[in-house]
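**Student:** Give me a model of this one.
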Amino acid sequence: MTQRNPMIGKVIAIDGPAGAGKGTLATSLAREYRMKYLDTGTLYRTVAYKVLRAGGDPAREEDALKACDLSDYDFKHMGNNKFCVLLDGEDVMSELRTQSVGQGASKVAFYTSVRSALKQFQIEFAEKWASQYGVILDGRDIGTVICPDADYKFFIDADPEVRAHRRIEELKSRGHQANFEETLSEILERDARDRGRKDAPLKPAGDAYVVDTSHKNALQVLQMVMDYISMPVAKV
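**Tutor:** Sure, this is the predicted structure:
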């Protein structure tokens, strides 16, 4: 007899800055608990990619808002919680992971109009899959704006220098080179933009469990979070 997944009906919200490890944690939790996972940053990266592809400027609200029409993109789960973005049938995920698109995503996310345009997609994803599998969403305003009533909220953080080194290693694994000082500068710039925007700034929800991953590996972080989830009283 198959045991029922105890996380069915549950929503896990994971927020944090770039390079803190929230995506790694979310993927691992989705595997452990057999939950559906949405990397909401992919939505903003797609908008940025679309702007850049059209020769526009992600820092211009008009260009960013126009690119929020994602009807020509297909967002699909390809198994193992791999969230793919297809354009005319072509997987463009590798293009979405470049530094230029990442910086562009932070710029388009600055605008309230853009965040509002993408908000419903995220809410509908959570509502659609929570009752069947349980869902995990990661981003920068999940616990504060998108899913304020999530069953579990986590804020994953790390020192900027540590995150810069992680970003460089990620780029190397994909065959790209990066300068530490430039990467650190980009991370600090993005942090300031994400934390300082008026609408949905990056910050821990009041009831979020904050985890500093600066001196912890992915397995240690996963164990900490799973231990927290298994506590009889998970929310304070």
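
**Student:** How many neighbouring residues does the nearest residue in space to Ile142 that is not next to it in sequence have?
**Tutor:** Closest residue in space to Ile142, ignoring its immediate chain neighbours: Ala13 at 3.9 Å, by CB to CB, 6 or more residues apart in numbering. Any C-beta I mention is one placed from the backbone N, CA and C, and that applies to glycine too. By other CB atoms under 10 Å, the residues close to Ala13 number 28.

**Student:** Three-state assignment for Ala13, please.
**Tutor:** When classified by DSSP: H, G, I helix; E, B strand; the rest coil, Ala13 comes out as strand.

**Student:** if I look at it, how far off is Lys198?
**Tutor:** 21 Å (CB to CB, to the nearest Å).

**Student:** Strands along this structure, start to end?
**Tutor:** 11-15, 36-39, 73-77, 83-87, 90-91, 135-139, 152-157, 209-212 (DSSP state E).

**Student:** now what about the last one, what contacts it?
**Tutor:** Spelled out, it's strand 209-212. Tyr152, Lys153, Phe154, Phe155, Ile156, Asp157, Ala158, Pro204, Val221, Met224, Val225, Tyr228 (CB atoms under 8 Å, 6 or more residues apart in numbering).

**Student:** What residues does the fifth one make contact with?
**Tutor:** With contacts taken as CB under 8 Å, 6+ apart, Ile156 has the following neighbours: Ile14, Asp15, Gly16, Ala20, Gly21, Lys22, Leu25, Val211, Thr213, Val221.

**Student:** same thing but at 10 Å, please
**Tutor:** 14-17, 19-26, 138, 204, 208-213, 221, 225 (CB atoms under 10 Å, 6 or more residues apart in numbering).

**Student:** Show me what it is bridged to.
**Tutor:** Per DSSP bridges, the residues bridged to Ile156 are Val211.

**Student:** what's the burial count for Met108?
**Tutor:** Wrong residue type there; residue 108 is Val, not Met. Counted with other CB under 10 Å, Val108 comes out at 31.

**Student:** Once you drop chain neighbours, what's closest to it?
**Tutor:** Using CB to CB, 6+ apart and skipping residues adjacent in sequence, the residue nearest Val108 is Ala64, 3.9 Å away.

**Student:** What separation do you get for the one you found and Gly55?
**Tutor:** 14 Å.

**Student:** who's more crowded, these two?
**Tutor:** Taking other CB under 10 Å, Ala64 and Gly55 do not tie; Ala64 has more neighbours (27 against 7).

**Student:** In contact with the more buried one, which residues are there?
**Tutor:** So Ala64 contacts 44, 47-48, 50-51, 56-58, 104-105, 107-111, 113-114, 117 (CB under 10 Å, 6+ apart).

**Student:** change it to 8 Å
**Tutor:** Ala64 neighbours (CB under 8 Å, 6+ apart): Val47, Ala48, Val51, Gly56, Pro58, Lys107, Val108, Tyr111, Ser113, Val114.

**Student:** so the first one makes contact with Asp69?
**Tutor:** No - in this structure, Val47 sits apart from Asp69 without contact. The criterion is CB atoms under 8 Å, and the distance is 9.4 Å.

**Student:** Between those two, which is the more surrounded one?
**Tutor:** Val47 (30 against 11).
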